[in-house]
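Sharing a sequence plus its predicted fold:
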Amino acid sequence: MALASALVLAWRRWRLRARGVQLGAGCLVSRLVQLRPRQGRIAVGDGCTLDAGVILDTYGDGAIELGPRVFVGPYTVVYGHGGVAIGAGTLVSMHCRILSSNHTVPPLGTEIRSQPDILLPTRIGRDVWLGAGVTVLGGVTIGDGCIVGAGAVVTKDLPPGAIAHGVPAVVRGWREGARPGP
């Protein structure tokens, strides 16, 4: 049985690499994960875990990069059209959404979907914890060591060590040892 599991895992890794996905050593990727590099690139660092129902989609020639030891919880969706980078040791809880683009808003009478996207690179630092159901909008940078409370919508950059929650997310505190900015 162990040999069959190893062969299935090797086959899945080979298929993903053939489609343009770089998987680091020791990654755990659930069978229900969807990795869609399209013309872009998905790079998953060593020791990452992608739980059931995770979708990583570059939408065109975008990029998604996960540093080592990143955990992505069940049913999280990451759209990397404008580029998404997630730092080492970050925890992304269940049902999170991470975006890296937005729609152009044309005049009334012009279809929204006919307009080009605005690409907005999104950066999430290392050792960050995104609580369940957090939404990170395109163009946002979340600093190293941040904690974002469940259900928050991050619309603006968060400084390193901040504890934020709410809609929109607001800094409400600091991790011990973090230095609040001006």
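The structure has been received and is ready for your questions.

Can you report how many residues neighbour the spatially closest residue to residue 41 that is not a sequence neighbour?
Nearest non-adjacent residue to residue 41, counting by Cβ to Cβ, 6 or more residues apart in numbering: residue 63, 4.7 Å away. Backbone N, C-alpha and C define where each C-beta goes, glycine included. Residues near residue 63, counting by other Cβ atoms under 10 Å, number 18.

same check, this time on residue 15
Each residue near residue 15 was counted by other Cβ under 10 Å, and the total is 11.

ok, now residue 41?
Residues lying near residue 41 (other Cβ under 10 Å) number 17.

could you list every residue that touches it?
Shown in contact with residue 41 (Cβ atoms under 8 Å, 6 or more residues apart in numbering): 20, 22, 58, 63, 64, 65.

Give the ChimeraX command for selecting the buried subset of these.
Selection of buried members from these for ChimeraX, criterion 16 or more other Cβ atoms under 10 Å:
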select :20,58,63,64,65
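
and the contacts of residue 41 as JSON lines, adding secondary structure?
Listed next are the contacts of residue 41 as JSON lines, based on DSSP: H, G, I helix; E, B strand; the rest coil:
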{"residue": "20", "secondary structure": "coil"}
{"residue": "22", "secondary structure": "strand"}
{"residue": "58", "secondary structure": "coil"}
{"residue": "63", "secondary structure": "strand"}
{"residue": "64", "secondary structure": "strand"}
{"residue": "65", "secondary structure": "strand"}
